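Enquirer: For reference, the sequence and a predicted model appear below.
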Amino acid sequence: MRTPPLILVVDDNPMNVDILQTRLTGQGYDIITAADGEQALAAARDKLPDLILLDIMMPKVDGVEVCRQLKADASLPFMPIIMVTAKADTKDIVAGLEAGAEEYLTKPVDQASLVARVKSMLRIKGLHDTVQEQSARLESQAVELAAFNRTLEQRVAEQLGELERVGRLKRFFSPQLAEMIVAGGAADPLTSHRREITVVFLDLRGFTAFAESSEPEEVMVVLRDYHAAAGRLILAHEGTLERFTGDGMMIFFNDPVPVPNPGERALRMALAIREEIGAMADKWRKQGYDLHLGIGIAQGYATLGAIGFEGRWDYGAIGTVTNLAARLCGEAQGGQILINQRVYAGVEGIAEAQAVEPLVLKGFLRPIAAYSVTGIKS
């Protein structure tokens, strides 16, 4: 509603219009006028007054019809109407109110009554406009809230899917690498592909005899400590754990994301694991367990990707390089790290290594050149 309110006075008698205009202007209202029904309809639709004082007996279109048409027009805002007329018969009052008028005054109009009715109608108009504004605001907020909820639901679904995928990938890869894959920083590793990798095999010497002579609970404690220590270092060096086989573990580097110097990274991890498990072996020895770690490292091409069937997939590497690493591990003595020629070529500058006699290994036609690594050059 405007400030001050705008009132439309409709009467075909100029004297009546003048009287009402004078009285209402004195109360601080803005006034516009119309001399018949047609002018009243045009002015109401054009100016949208806050209140209409409407005579009934007018040429062209009478006040009752004007009121009926304005109230039937859904495009117009709420405009209260006070019928101001000389027709005082009850049926006329009923006809005016049934047409939609909010109030009915008969001429001659008492000034105090007129002012009181005008203020009352304008108060209703103000309250109505306030409710309409609040309703529109609530509707807008409801639309925004619904859109926000849809966005939130979508984000939650995406995040749940991402967490589920990260959880599955963490079975094979380091947490950092799994999150990189999910974020799109690496190609889908489960698709079969070929790549040069460095494979590390770990195996506990004396484990079979230990398992045969010990209680299962003792065996499980040793394996749990061994896996925990090795697993922590595998993750720290961003290796891909391919599988556990009791006391054996296979790890490879340079897949699914290529890394610089995979041979050096594999060797540094192997040295760290040897040191850690070596300390644990001293403790095991005091408990009567004669366990030592042997490590084999080989580098070469392999085919990598998902292996298994629906509902049970593993990530694996297939190729001669995995067999070679396993055979080198099998030849390594307790605490020894054996590497093949290709790994040695990549770490020669940093590794303290000695060539061993060429190894005749199962599955290989020719003797394999190998080196025993004792440490990293200072």
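Expert: Structure's in. What do you need?

Enquirer: show me where pLDDT drops low in the stretch 201-350 of the chain?
Expert: 310-313 (pLDDT under 70).

Enquirer: where along it do the helices fall?
Expert: Counting by DSSP state H, counting those that start in this stretch, the stretch 201-350 of the chain has helices at residues 207-213, 216-236, 262-286, 320-331, 341-347.

Enquirer: Can you lay out the ones you listed as TSV showing distance to L361 and mean neighbour count?
Expert: No exception for glycine: its C-beta is placed from N, CA and C like everyone else's. Formatted as TSV, the helices of the stretch 201-350 of the chain follow (distance: least, C-beta to C-beta, whole Å; neighbours: other C-beta atoms under 10 Å):
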stretch	distance to L361	mean neighbour count
helix 207-213	20	14
helix 216-236	24	15
helix 262-286	19	19
helix 320-331	4	22
helix 341-347	13	20
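
Enquirer: Nearest to S378 among these would be which one?
Expert: Shortest distance between S378 and the helices of the stretch 201-350 of the chain, using C-beta to C-beta, is found for helix 262-286: 13.3 Å.

Enquirer: helices and strands around that closest one, which ones?
Expert: strand 193-205, helix 216-236, strand 248-253, strand 292-309, strand 337-340, helix 341-347, strand 368-376 (3 or more C-beta pairs under 8 Å, 6 or more residues apart in numbering; DSSP states H and E).

Enquirer: can you rerun that using 10 Å?
Expert: strand 193-205, helix 216-236, strand 248-253, strand 292-309, strand 337-340, helix 341-347, strand 351-359, strand 368-376 (3 or more C-beta pairs under 10 Å, 6 or more residues apart in numbering; DSSP states H and E).

Enquirer: For L70, what are phi and psi?
Expert: phi -70, psi -40 (degrees, to the nearest 10).

Enquirer: In this structure it contacts V61, no?
Expert: No. Assessed by C-beta atoms under 10 Å, L70 is found out of contact with V61, at 11.0 Å.

Enquirer: so what sits against both of those two?
Expert: 40-41 (C-beta atoms under 10 Å, 6 or more residues apart in numbering).

Enquirer: which one of these two has more residues nearby?
Expert: Neighbours were counted for L70 and for V61 using other C-beta atoms under 10 Å; L70 has more, 20 against 16.

Enquirer: returning to that earlier point: which one, of the helices and strands packed on helix 262-286, ends up nearest to I318?
Expert: strand 292-309 (4.9 Å).

Enquirer: which helices and strands sit right next to the lengthiest helix in the chain?
Expert: Ranked by residue count and defined by DSSP state H, the top helix of the chain is helix 111-169. Applying 3+ C-beta pairs under 10 Å, 6+ apart, one finds that helix 111-169 contacts strand 6-10, helix 14-26, strand 51-54, strand 81-85, strand 103-106, helix 175-182, strand 312-318.

Enquirer: so it versus strand 6-10, what angle?
Expert: 130 degrees (axes from the mean of the first three to the mean of the last three C-alpha atoms, to 10 degrees).

Enquirer: any idea which residue sits dead centre in this structure?
Expert: R155 (2.8 Å; C-alpha atoms, centre = their mean).

Enquirer: Kindly state the pLDDT recorded for it?
Expert: Looking at R155, its pLDDT stands at 90.

Enquirer: Switch the helices and strands packed on helix 262-286 over to TSV; also include distance to A35.
Expert: Below are the helices and strands packed on helix 262-286 laid out as TSV (distance: least, C-beta to C-beta, whole Å):
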stretch	distance to A35
strand 193-205	90
helix 216-236	91
strand 248-253	96
strand 292-309	88
strand 337-340	109
helix 341-347	104
strand 351-359	109
strand 368-376	107
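
Enquirer: which one of those lies closest to T106?
Expert: Closest among those, using C-beta to C-beta: strand 292-309, at 92.0 Å.

Enquirer: Tell me who's in contact with the residue lying closest to G319 once chain neighbours are set aside.
Expert: Spatial nearest neighbour of G319, excluding adjacent residues (C-beta to C-beta, 6 or more residues apart in numbering): A302 at 3.3 Å. Applying C-beta under 10 Å, 6+ apart, we find A302 in contact with 193-197, 199, 252, 254-255, 316-323.

Enquirer: Which among the residues you listed count as buried?
Expert: 195, 197, 199, 252, 254-255, 316-317, 319, 321-323 (16 or more other C-beta atoms under 10 Å).

Enquirer: Looking at those, which is nearest I82?
Expert: D255 (86.5 Å).

Enquirer: now the closest one: how far from R195?
Expert: Here the criterion is C-beta to C-beta, to the nearest Å. By it, D255 lies 5 Å from R195.

Enquirer: Between the two, which contacts overlap?
Expert: Common neighbours of D255 and R195 (C-beta under 10 Å, 6+ apart) are 262, 302, 304, 317.

Enquirer: of all those residues, which comes closest to R168?
Expert: L304 (16.5 Å).

Enquirer: right, and I339 touches Q299 too?
Expert: Yes. Here I339 reaches Q299: they are 8.3 Å apart, a contact under C-beta under 10 Å.

Enquirer: more neighbours, these two?
Expert: I339 (31 against 27).

Enquirer: which residues pair with the residue lying closest to that one once chain neighbours are set aside across the strands?
Expert: In space, I339 comes closest to I297 once its chain neighbours are excluded; the distance is 4.5 Å by C-beta to C-beta, 6+ apart. I297 has these beta-bridge partners by DSSP bridges: V200, I339.

Enquirer: Name all residues that make contact with the nearest residue to V360 once chain neighbours are set aside.
Expert: Of all residues not flanking V360 in the chain, P367 sits nearest, at 5.3 Å (C-beta to C-beta, 6+ apart). Listed by C-beta under 10 Å, 6+ apart, the contact set of P367 reads 357-361.

Enquirer: Go again with 8 Å.
Expert: Under the criterion of C-beta atoms under 8 Å, 6 or more residues apart in numbering, the contact list for P367 reads 358-360.
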